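Novice: Fold the following.
(2 chains)
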2 protein chains.
Amino acid sequence: MQANEFNEVLLNRRSLRALATTPIPREMSLRVLEAARWAPSCSNSQPWRFVVIEDEPELNAVKSALKPGNQKWASSAPMIIVVCANPEDDYLASGQPLYLFDCGLATENLLLQGVAEGLVMHPMAGWEEQPMKDAIGLPDPYRVVCVIAAGFPGPVENLDVDLQEREKSPRVRKPLDEIVVFGTWPKV
Amino acid sequence: MQANEFNEVLLNRRSLRALATTPIPREMSLRVLEAARWAPSCSNSQPWRFVVIEDEPELNAVKSALKPGNQKWASSAPMIIVVCANPEDDYLASGQPLYLFDCGLATENLLLQGVAEGLVMHPMAGWEEQPMKDAIGLPDPYRVVCVIAAGFPGPVENLDVDLQEREKSPRVRKPLDEIVVFGTWPKV
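Specialist: Residues are numbered from 1 along each chain as shown, chains lettered A, B, ... in the order given. The predicted structure follows:
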């Protein structure tokens, strides 16, 4: 495989919202989760856990713990993946809880492999933690880190009009020279 | 590109230590950084900044801020990338500082694109924050999140004997059934 073909998946991944209700085949889910498994982590601590919800009534319970903006479009998702971690399984870097960074590394693998498989993978920060923990039965001291709506691409017409436009609009990122410095940080 | 070809890069990425001193061509570095740029983040906040150090005396200063275990093997790295973030640029999820999670998402893109380009990309948590900030001139309130040694693969014989063995040993991860739950969390 060429580096530029690989690059295409990374550059074209986007957090779409139009999801089909079609179930995701188990072998596909397993490849996606296996990709997350091989991420790096601080001292190989692997603090990530993935709770995969596909069946009712749990699926509806999990969707009910999303914030209203996400509930609307994520209602058709056939799978919700809740990324969890035990903060005690990981290390601090100068006081910063690295379990969040490590979960980010693994979650990106999961998102990218899903996209490479032809899935929509939409990571969300909009959820209420305790209701989400209740919905999946997650005990303390585990924390919910991210919630991902997953499914095959669905009909855009089912989305609200404003979201239909967002689905097709160009993605926006800061230009490279705002996020990259070659050499030391510029003095002000 | 096939999903299984994409998968190979994710499954075979590993944090090697044997680095050649050969400089990384700038166009390759830019593709690697561009891959990070397109990562998702909470509300598209893009809290990540990448400080890329390739020249002396800064390169040596940055390496001196690594913990001794990393200093030994990372000494030959022609490039050190310091992943930084301003915590104020991002959100809290139930009190958890999401800039760390978002930086993890972007850093994994960067690592994977580097590996797809044929580079060794080794993320490290072993560094001293204030000396690292001093070495790159990073002002408050920015934090150092991760430091990456990057370069082309080099001669394994140059590593200490114990690291030579680690370089060739099989990688170890928790089995999938320890990190994945289908359905709600098992009751104890």
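Novice: count of residues packed around A:P155?
Specialist: 10 (other CB atoms under 10 Å in any protein chain shown). All C-beta atoms are positioned from the backbone trio N, CA, C, and that covers glycine.
Novice: With the one 3 residues further on instead?
Specialist: Around A:N158 there are 15 other residues, counting by other CB under 10 Å.
Novice: who touches it in this structure?
Specialist: A:N158 makes contact with A:18, A:76 under the criterion CB atoms under 8 Å, 6 or more residues apart in numbering or on different chains.
Novice: Please name the strands paired to the helix or strand where A:V144 lies in the sheet, noting orientation.
Specialist: Take DSSP states H and E as the rule and A:V144 turns out to sit in strand A:143-151. Taking DSSP bridges as the criterion, strand A:143-151 pairs within the sheet with strand A:79-85 (antiparallel), strand A:120-124 (antiparallel).
Novice: ok, the top helix by length along chain A near chain B or not?
Specialist: The longest helix of chain A (DSSP state H) is helix A:98-116. Yes. Judged by CB under 8 Å from any CB of the partner chain, helix A:98-116 and chain B are in contact via A:98, A:100-109, A:111-113, A:116.
Novice: from those, which single one is nearest A:R166?
Specialist: A:L111 (18.2 Å; CB to CB).
Novice: Surely the closest one touches B:W38?
Specialist: No. A:L111 is beyond contact range of B:W38, at 11.5 Å (criterion: CB atoms under 8 Å).
Novice: Neighbour count for these two, which is higher?
Specialist: A:L111 (28 against 17).
Novice: quick one: contacts for the residue nearest to the more buried one when sequence neighbours are not counted?
Specialist: Using CB to CB, 6 or more residues apart in numbering or on different chains and skipping the chain neighbours, the partner closest in space to A:L111 is A:M121 (4.5 Å). Contact analysis of A:M121 by CB under 8 Å, 6+ apart lists A:13, A:15, A:110-111, A:114-115, A:148-150.
Novice: State the pair within these that is farthest apart.
Specialist: A:R13 and A:A149 (14.3 Å).
Novice: Have a look at these two and say which one is more surrounded.
Specialist: A:A149 (26 against 21).
Novice: who's that one bridged to?
Specialist: If you apply DSSP bridges, the partners that A:A149 bridges to are A:I80, A:H122.
Novice: ok, how many other residues are close to the residue lying closest to A:E34 once chain neighbours are set aside?
Specialist: Excluding the flanking residues, the one nearest A:E34 by CB to CB, 6+ apart is B:L176, at 6.3 Å. As a burial measure, B:L176 scores 13 neighbours (other CB under 10 Å).
Novice: you'd agree B:L176 is up against A:R37?
Specialist: Yes. Shown here, B:L176 and A:R37 form a contact pair, counting by CB under 8 Å, at 5.9 Å.
Novice: so who does A:T22 touch?
Specialist: A:T22 touches A:78, A:151-152, counting by CB under 8 Å, 6+ apart.
Novice: most neighbours, which of those?
Specialist: Neighbour max across those (other CB under 10 Å) = A:G151, 24 neighbours.
Novice: tell me the contacts of that one?
Specialist: Contacts of A:G151 by CB under 8 Å, 6+ apart are A:19-22, A:24, A:76-79, A:119-120.
Novice: For it, give me the pLDDT.
Specialist: pLDDT, A:G151: 98.
Novice: same question, the one 5 residues further on
Specialist: At A:V156, the pLDDT value in this model is 94.
Novice: Over to A:E88?
Specialist: Note for A:E88: predicted pLDDT of 88.
Novice: Contact partners for the one residue sitting closest to the centre of chain A?
Specialist: In chain A, the centroid-proximal residue (CA atoms, centre = their mean) is A:P123; its distance is 3.1 Å. Neighbour list for A:P123: A:15, A:107, A:111, A:146-148, B:40, B:105 [criterion: CB under 8 Å, 6+ apart].
Novice: Just among those, which is most surrounded?
Specialist: A:C146 leads the contacts of A:P123 on contacts (other CB under 10 Å) with 30 neighbours.
Novice: Among the contacts of A:P123, which pair sits farthest apart?
Specialist: Across those (CB to CB), the longest gap, 14.2 Å, separates A:V147 and B:L105.
Novice: Surely A:D55 is in contact with B:G183?
Specialist: Yes. Look at A:D55 against B:G183 with CB under 8 Å: they come within range, at 6.8 Å.
Novice: Now the common contact residues for A:L111 and B:W38.
Specialist: In contact with both A:L111 and B:W38: A:R13, using CB under 8 Å, 6+ apart.
Novice: Let's see the pLDDT reported for A:E54.
Specialist: Confidence score, pLDDT, at A:E54: 98.
Novice: And A:A39, how far from B:V82?
Specialist: 20 Å (CB to CB, to the nearest Å).
Novice: what's the answer for A:T107, then?
Specialist: 22 Å.
Novice: what number of residues lie near A:V145?
Specialist: 30.
Novice: who's in contact with it?
Specialist: A:48, A:83-85, A:99-100, A:103, A:107, B:93, B:96, B:101.
Novice: Identify the residue spatially nearest to the residue in chain A positioned nearest to chain B, adjacent ones excluded.
Specialist: In chain A, the residue that lies nearest chain B is A:G104 (1.9 Å; CB to the nearest CB). Sequence neighbours aside, B:G104 is the residue nearest to A:G104 in space, at 1.9 Å (criterion: CB to CB, 6+ apart).
Novice: what sits against that neighbour?
Specialist: Contacts of B:G104 (CB under 8 Å, 6+ apart): A:100-108.
Novice: repeat that for 10 Å
Specialist: The neighbours of B:G104, taking CB atoms under 10 Å, 6 or more residues apart in numbering or on different chains as the test, are A:39-41, A:98-108, A:145-146, B:39, B:48, B:83, B:98, B:123, B:145-146.
Novice: Low-confidence stretches in chain A?
Specialist: A:1 (pLDDT under 70).
Novice: So which residues of it form strands?
Specialist: A:48-53, A:79-85, A:92-93, A:96-97, A:120-124, A:143-151, A:180-182 (DSSP state E).
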